[in-house]
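Chemist: Just to be clear, the model below is a prediction. Sequence and coordinates:
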Amino acid sequence: MAKVLIPTPLRQFTGKQDAVAVPGATVGEVLTALTAQFPDLRKQIFNDEGKVRSFVNVYLNDEDVRYLGKDATAAKDGDTISLVPSIAGGRA
Amino acid sequence: MTTAVQETTLSNEEILRYSRHLIIPEVGMEGQQKLKAAKVLLIGAGGLGAPLGLYLTAAGVGRIGMVDFDVVDSTNLQRQVIHSTADVGRKKLDSAADKMRAINPNVTVVKHETALTSENALDILKDYDYVVDGTDNFPTRYLVNDACVLLGKPNVYGSIFRFEGQATVFAYEGGPCYRCLYPEPPPPGLVPSCAEGGVLGILPGTIGLIQATETVKLILGIGEPLVGRLLLYDALGMRFRELKLRKNPECPVCGEHPTITKLIDYHQFCGVPNPRKPAPAEESKVNEGEIDVTEVKRKLDSGEDFVLIDVREPHEYRIASIPGAKLIPLGEFPKHLGEFDPEADIVIHCKSGMRSAKACGIMRSAGFKRVRNMKGGILAWSDQVDPSVPKY
C-alpha cells in the first residue's frame, strides 16, 4: 500500500491523521480509495468533473504526477504520495 | 564583477562590521561589495518580512525596499519580531525601518507605503534586483509572480500555514514560476488565511530565514540555489522535504506561448473582492441577513425565543464565548440542521462574521427562513456589549 501524506490544511478531513496507508495500483486509485474512506476530503481534492483540483498538487515520492502518468501513474508498496495545496500566508 | 560592484567600496567601519563575512573565502571583500551593491525588495513587512528585514540589513544588503500599508497591531507581536510592543498603532514600514537603521545605518531602507497593485507593481519592482514574496493572500502572490516573470526578476518565495511552510525561488534565469506550480488559486474560502487558521509564531522565522539565505546566495552567486525544487517544512515532524518543481511548457505566463503578457486583475482572477474597491450592491444584500450585536444582547436580556448558534471551534469557545450560545463548529454544521425548527428565529455568530455567514448560507439553502448573521462576531460583542470577553 502507498502512504498518502496529508498536509495540515486537509487534516481536518482525515480525522487529524497526517499519513494514511491506502490500497490502489495507481495514484488515481489511491486517491479514490482515500476519498471513499474520508468523504469530506473529496471536494477538497477533486472538482465536480472528478479531476484533481489545480491548486492541489500530487507528488509520487518527489515527482509531480502531472509529469509522470497523471492519475494512471503506478503506485507501489513503499511509495509516498504527497498532497501539496497552495497556501498563501506570510504578511498578516 | 559588474562595474556597480567594483565601484562599491567599504569604509573601515564596514570592513570591521562585516569581518565575519570577509574572512569566509566564498564571501570575502568581493562578496561584501556585491551585497552592498544589491537592491532587494521585500513584499510585506509582516511575519516573513520581519526576519528578512532584520537579517538582510545586518548582512549588509545595500538597498532594501519594503512594500506594506498596514499598521502594527498587538496580534502581530507573537511572530513579527521586527515590531515591538511600543510600535502598536504605528505604520509597519516606519517601525521596521527604525529597527533596520538601528541595526545597520549603512543600509538604505526604501519605504513603499502602498498595496502592491497591477497599476504600480512593475514600476516599484523595476528598480530592484531581487524580489522576496512575503505576502499573505493569493491575488498578491500571482501579481508578484507575473510581475517578476515579465521583468525577468527572481522571486524568492515563502509561504506559511499553522505548522507548515513552503519555500522556493521562482523565475530565476528562466526557471519555473508560481503558475507552473499552481496554475490557479483555490476558490475563495477553501484555504484559510493565517488570520483565520492561525500560525505558530516561530514558523515565519524559519521560512523567512530560508528566503533570506536564498537571497544572499543569489547575490553572492554561490552554492546551489533553491531553483526547480520546492522545499516543504513540517515543524511538528521537524522534517524538511524536497519536491521537484518543473517548468510547465504550457504555463500561461512563462511557458512557450504565453497568454499573459501584461498584469491582469488579480482579485478577479482569484475570485475575491478587491478590498480597495468595495461593491456596494453586494454589501447591502449581505446586510439584510445581518443583526447587530446590541440587538442580540437586547433579545437575550428580554428573554426572546430565539436560537443563538456559535460556529467556531471548541478551542476558540474556550477562549471566549457568549452565554446561551450553542456551539456547533462549521465543519459539523450541516449534520446538525435537523435539530432546528425551520420556522425558528436563528442568529449565528463566529469570531468576526465570515464563518457564520457561510453557516447562514447553508441554513437558508436548507429552507430556514429566519436566519441572521451576527455582524462582526464575538469581536464586535467584546467591543460593543461586554468588554470582559477577551478578543483573540
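Modeler: Arrived safely.

Chemist: Quick check on the most centrally placed residue in chain A: phi, psi?
Modeler: Of all residues in chain A, the one closest to the mean position by CA atoms, centre = their mean is A:Leu83, 4.1 Å from it. With angles defined as degrees, to the nearest 10, A:Leu83 sits at phi -100, psi 120.

Chemist: And the next helix or strand past the least confident helix or strand in chain B by mean pLDDT?
Modeler: Using mean pLDDT, DSSP states H and E, helix B:280-288 stands out as the lowest-scoring helix or strand of chain B, at a mean of 50. Note on helix B:280-288: by DSSP states H and E, the next helix or strand toward the C-terminus is strand B:290-291.

Chemist: Remind me what that next one packs against, helices and strands.
Modeler: On a contact count with 3 or more CB pairs under 8 Å, 6 or more residues apart in numbering or on different chains; DSSP states H and E, strand B:290-291 meets strand B:371-374. For every residue, glycine as well, the C-beta is placed using N, CA and C.

Chemist: The helix or strand following the strand it packs on near chain A anywhere?
Modeler: Sequence order places helix B:377-384 as the next helix or strand after strand B:371-374, per DSSP H and E. No. Counting by CB under 8 Å from any CB of the partner chain, chain A is not contacted by helix B:377-384; separation bottoms out at 15.4 Å.

Chemist: Summarise which helices and strands helix B:377-384 is packed against.
Modeler: Counting contacts by 3+ CB pairs under 8 Å, 6+ apart, helix B:377-384 is packed against helix B:293-301, strand B:346-349.

Chemist: one more time with 7 Å
Modeler: Applying 3 or more CB pairs under 7 Å, 6 or more residues apart in numbering or on different chains; DSSP states H and E, we find helix B:377-384 packed against helix B:293-301.

Chemist: Do you have the helices of the stretch 51-200 of chain B handy? List them.
Modeler: Here the stretch 51-200 of chain B has its helices, by DSSP state H, counting those that start in this stretch, at B:92-103, B:121-125, B:138-151, B:178-181, B:194-197.

Chemist: Which stretch among those approaches chain A most closely?
Modeler: Of all these, helix B:194-197 sits nearest to chain A, with 3.9 Å by CB to the nearest CB.

Chemist: following the closest one, which helix or strand comes up?
Modeler: Next element after helix B:194-197 (DSSP H and E): helix B:203-220.

Chemist: mind checking how far that following helix is from the chain centre?
Modeler: 17 Å (CA atoms, centre = their mean, to the nearest Å).

Chemist: Ok, stretch B:69-76 next?
Modeler: On CA atoms, centre = their mean, the centre of stretch B:69-76 falls 12 Å from the chain's centre.

Chemist: ok, and what's touching it?
Modeler: For stretch B:69-76, the external contacting residues (CB atoms under 7 Å, 6 or more residues apart in numbering or on different chains) are B:Gly46, B:His83, B:Asp87, B:Val88, B:Gly89, B:Arg90, B:Lys91, B:Lys92, B:Ser95, B:Glu113, B:Thr114, B:Ala115.

Chemist: remind me which residues of the chain are low pLDDT?
Modeler: Looking at chain A here, since you left the chain open. Along chain A, segments meeting pLDDT under 70 span A:91-92.

Chemist: try chain B instead
Modeler: For chain B, the stretches flagged by pLDDT under 70 are B:1, B:189-196, B:277-287.

Chemist: Get me the contact residues on it for chain A.
Modeler: By CB under 7 Å from any CB of the partner chain, the residues of chain B that approach chain A are B:44, B:46-49, B:134-138, B:141, B:158-164, B:166, B:181-186, B:191, B:193-195, B:199, B:204, B:232, B:242-244, B:246, B:331.
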